[in-house]
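**Q** need the 3D shape of this:
(one chain, ligands or ions: 1)
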Amino acid sequence: MTVSTGVLRAEAIRFLPQLPLPKLHALDALPMGHFTKVILELDGLLPGLPAGSWVADARPARDQTMHFLCHPFGSRLVIGLAGGAYGEALARLPEALAVQEGFARLIECVGVSHGRQLVKGAFTDWATDPLYLGGYAYLVPGGGEARVALGESVDVRLHFAGEAVALALIQTCGGAFLSGQLAAERIVAARR
Ligand SMILES: Cc1cc2nc3c(=O)[nH]c(=O)nc-3n(C[C@H](O)[C@H](O)[C@H](O)COP(=O)(O)OP(=O)(O)OC[C@H]3O[C@@H](n4cnc5c(N)ncnc54)[C@H](O)[C@@H]3O)c2cc1C
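**A** The predicted structure is shown next:
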């Protein structure tokens, strides 16, 4: 079982018999956090911002922090990153509006005199995508060993993996991969 805790908490998958109580407690302690990337393709490079540099508004509107990765690998892309409630709010917008918002926030950072136009944009809407319902799981204060509890196998057939139950590199693809390896080892061991 490798779906996000967002999908499990939404009961998009039902288990018969129901998951054991410690698993449900662990799920309570691991809601999904939000993180949104707004990808902006410009008609050229922003002056003074070399490949891989970062800019951020020093005084963003309250709870509206967005920072930008400029021109990764020398491309004409600038990628805006927003987390938490602001990231979630962006993900709930239609794509065109989220892209406009991202471009407006970039202009607040770099000023209007840079002379670059937006060619097109895209964004990650994982907060609303029913296959994810968030960016990655975070442990609530007092959540203790919820990642370990959620990662425990229920029986010889039902095993858990994914970033939420990773023992290292939590919240990343690397952690998801490592937890998958551990689950595979448990499955092989259970079949011996
Ligand atoms: C904007 C953003 C940027 C990120 N950037 C990075 C980064 O640069 N590097 C990094 O390491 N991590 C990054 N992360 C985190 C990374 O995306 C996650 O840690 C990783 O995707 C978790 O992998 P996972 O396999 O545990 O879960 P998921 O990626 O959620 O995979 C679960 C899979 O289950 C599928 N699924 C869901 N429901 C069902 C169903 N009912 N039936 C069948 N399949 C289903 C989904 O389609 C999905 O393929 C980023 C996250 C966000 C939100």
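
**Q** is stretch 27-42 anywhere near the ligand?
**A** Yes - looking at stretch 27-42 against the ligand by CB under 6 Å from any ligand atom, the contacts come from F35, T36, K37. Backbone N, C-alpha and C define where each C-beta goes, glycine included.

**Q** scan those residues and report the most crowded one.
**A** Most neighbours among those, by other CB atoms under 10 Å: T36, with 26 neighbours.

**Q** packing partners for the strand or helix carrying that residue?
**A** Per DSSP states H and E: T36 is located in strand 35-42. In terms of contacts (3 or more CB pairs under 8 Å, 6 or more residues apart in numbering; DSSP states H and E), strand 35-42 is packed against strand 77-83, helix 84-91, helix 95-110, strand 118-123.

**Q** which of those sits most buried?
**A** Compared across those, strand 77-83 shows the largest average neighbour count, a mean of 21 (mean count of other CB atoms under 10 Å).

**Q** partners of that strand, with directions?
**A** Paired strands of strand 77-83, with direction, are strand 35-42 (antiparallel), strand 67-70 (antiparallel) (DSSP bridges).

**Q** what comes up buried for whichever helix or strand comes after the longest one?
**A** Looking back up the chat, that one is strand 35-42. The helix or strand immediately downstream of strand 35-42 is strand 53-56, counting by DSSP H and E. Neighbour counts over strand 53-56 (16 or more other CB atoms under 10 Å) mark V55 as buried.

**Q** which other residues reach strand 53-56?
**A** By CB atoms under 8 Å, 6 or more residues apart in numbering, the residues outside strand 53-56 that reach it are L49, T65, M66, H67, F68, L69, C70, H71, L106, C109, V110.

**Q** save these as a markdown table, and put in pLDDT and distance to D28 too.
**A** Formatted as a markdown table, the contacts of strand 53-56 follow (pLDDT from 0 to 100; distance: CB to CB, whole Å):
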| residue | pLDDT | distance to D28 |
| --- | --- | --- |
| L49 | 94 | 43 |
| T65 | 89 | 28 |
| M66 | 94 | 30 |
| H67 | 94 | 31 |
| F68 | 97 | 35 |
| L69 | 98 | 34 |
| C70 | 97 | 40 |
| H71 | 98 | 42 |
| L106 | 94 | 38 |
| C109 | 90 | 38 |
| V110 | 91 | 43 |
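
**Q** ok, so of these, who is nearest the ligand?
**A** L69 (10.5 Å; CB to the nearest ligand atom).

**Q** right, I'll call it a day here.
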